[in-house]
Structures are given as structure tokens and as C-alpha cells.
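A.B. asks: Need a 3D model of the following:
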Amino acid sequence: MAWTQSELDALKRAYAAGTLRVTSDGRTVEYGNAADLLSRMRTIESEMAQVAGSPLPVAGFASFRRGLR
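C.D. replies: As a prediction, this is how the structure comes out:
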């Protein structure tokens with residue numbers, strides 16, 4: 001599905017405001033919880049990045065060891 005930047009911006013505004021109801025382009029959607037809203041945002045960002053051909057950021061976890069054995 002082709003998403004628009006205005007739809008993503010509307011989701012981000014709702015998430016920042018702590019609301020679950022989002023209206024964009026004359027359509028209103030109410031999400032069950034903040035996790036659902038965040039999941040939709042991540043899905044749209046991912047699809048938009050794929051269309052643009054830009055790689056998605058990759059998060060890694062740091063690890064360390066003490067010098068003592």
C-alpha cells in the first residue's frame with residue numbers, strides 16, 4: 001500500500017499527544033492501544049524506506065567482558 005508522509009505525520013502527532021484516534025485525509029482510525037499505533041508507524045516507515053531505496057537503521061546490542069578471567 002502506498003502511504004503518504006501526511007499519514008505518517010498524523011500518526012506521530014497522535015502518538016506524541018497520547019491519543020489513539022487519528023484522522024488523516026478524511027479518514028479516522030482509532031487504535032486499541034499505543035503499541036498498535038507505534039506498530040503502524042514502524043510499518044509505514046519501513047515501507048516508505050523500501051520504496052525510497054534507503055536502508056533501514058539497524059540497532060545492535062553492546063556487550064563487554066571484564067579483563068579478569
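A.B. asks: Show the average pLDDT along the lengthiest helix in the chain.
C.D. replies: The longest helix of the chain (DSSP state H) is helix 34-52. Averaged across helix 34-52, the pLDDT comes to 90.
A.B. asks: List the contacts of that helix.
C.D. replies: Residues from elsewhere that reach helix 34-52, judged by CB atoms under 8 Å, 6 or more residues apart in numbering: 1-3, 5, 7-8, 11-12, 14-15, 18, 20, 22, 31, 55-56. All C-beta atoms are positioned from the backbone trio N, CA, C, and that covers glycine.
A.B. asks: are any of these buried, and which?
C.D. replies: 3, 7-8, 11-12, 14-15, 22, 31 (16 or more other CB atoms under 10 Å).
A.B. asks: Would you mind putting those into a markdown table with distance to M48 alongside?
C.D. replies: Converted to a markdown table, these look like this (distance: CB to CB, whole Å):
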| residue | distance to M48 |
| --- | --- |
| W3 | 6 |
| E7 | 10 |
| L8 | 7 |
| L11 | 12 |
| K12 | 13 |
| A14 | 18 |
| Y15 | 16 |
| V22 | 17 |
| Y31 | 19 |
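A.B. asks: one step back: if you look at the contacts of helix 34-52, which of them are in helices?
C.D. replies: 5, 7-8, 11-12, 14-15.
A.B. asks: Quick one: those as CSV, columns for pLDDT too.
C.D. replies: As requested, the ones in helices among the contacts of helix 34-52 are exported to CSV (pLDDT from 0 to 100):
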residue, pLDDT
Q5, 90
E7, 92
L8, 93
L11, 94
K12, 95
A14, 94
Y15, 94
